[in-house]
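Chemist: Predicted model and sequence follow; I will ask about them next.
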Amino acid sequence: MPQQENRKIIRIGKTSLGVILPRAWLRFFSLSAGDEVEVVSNGHIIVKPVLKATSQSCTVTPKEST
C-alpha cells in the first residue's frame, strides 16, 4: 500500500503539535487511538507501527511412540 500524501501539522493544546493520519492507513495497519508508533528521525521522519504483542504461544512436542 505505498502511498504518499501531504499532511498539515496541527496544534494540539498550547505546546504540542501533531499530524492526523488518514483512517484508511490506520485500518490497514490495525492502529487505533492509544496504540504506539515508533518515530525515527534520520534525515527523514519515519512513523512505523510498533508490533503488537500477540498472545503467548507455546510449542507442543508430540509424544514419541514406544
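Modeler: Sure, I can see it.
Chemist: all strands of this protein, in order?
Modeler: 9-12, 16-19, 37-41, 45-49 (DSSP state E).
Chemist: so can I have CSV of those showing mean neighbour count and distance to Leu26?
Modeler: Quick note: C-beta positions are derived from backbone N, CA and C, even for glycine. Below are those laid out as CSV (neighbours: other C-beta atoms under 10 Å; distance: least, C-beta to C-beta, whole Å):
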stretch, mean neighbour count, distance to Leu26
strand 9-12, 10, 16
strand 16-19, 10, 12
strand 37-41, 10, 10
strand 45-49, 11, 9
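Chemist: Ok, which of those strands comes nearest Ser30?
Modeler: strand 45-49 (7.7 Å; C-beta to C-beta).
Chemist: need the strands of the chain in TSV with distance to Arg27, can you?
Modeler: Output for the strands of the chain, formatted as TSV (distance: least, C-beta to C-beta, whole Å):
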stretch	distance to Arg27
strand 9-12	21
strand 16-19	17
strand 37-41	15
strand 45-49	12
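Chemist: Of these, which shows the lowest average pLDDT?
Modeler: Mean pLDDT values for these show the minimum at strand 45-49, a mean of 89.
Chemist: Show me what that one is packed up against.
Modeler: Using 3 or more C-beta pairs under 8 Å, 6 or more residues apart in numbering; DSSP states H and E, the elements in contact with strand 45-49 are strand 37-41.
Chemist: Looking at the strands of the chain, which is nearest to Leu31?
Modeler: With C-beta to C-beta, the closest approach to Leu31 among those belongs to strand 45-49: 5.8 Å.
Chemist: quick one: strands adjacent to the closest one?
Modeler: When pairs are called by DSSP bridges, strand 45-49 turns out to pair with strand 37-41 (antiparallel).
Chemist: What lies in contact with the strand it pairs with?
Modeler: When contacts are defined by C-beta atoms under 8 Å, 6 or more residues apart in numbering, strand 37-41 is touched by residues Leu31, Ile45, Ile46, Val47, Lys48, Pro49, Val50.
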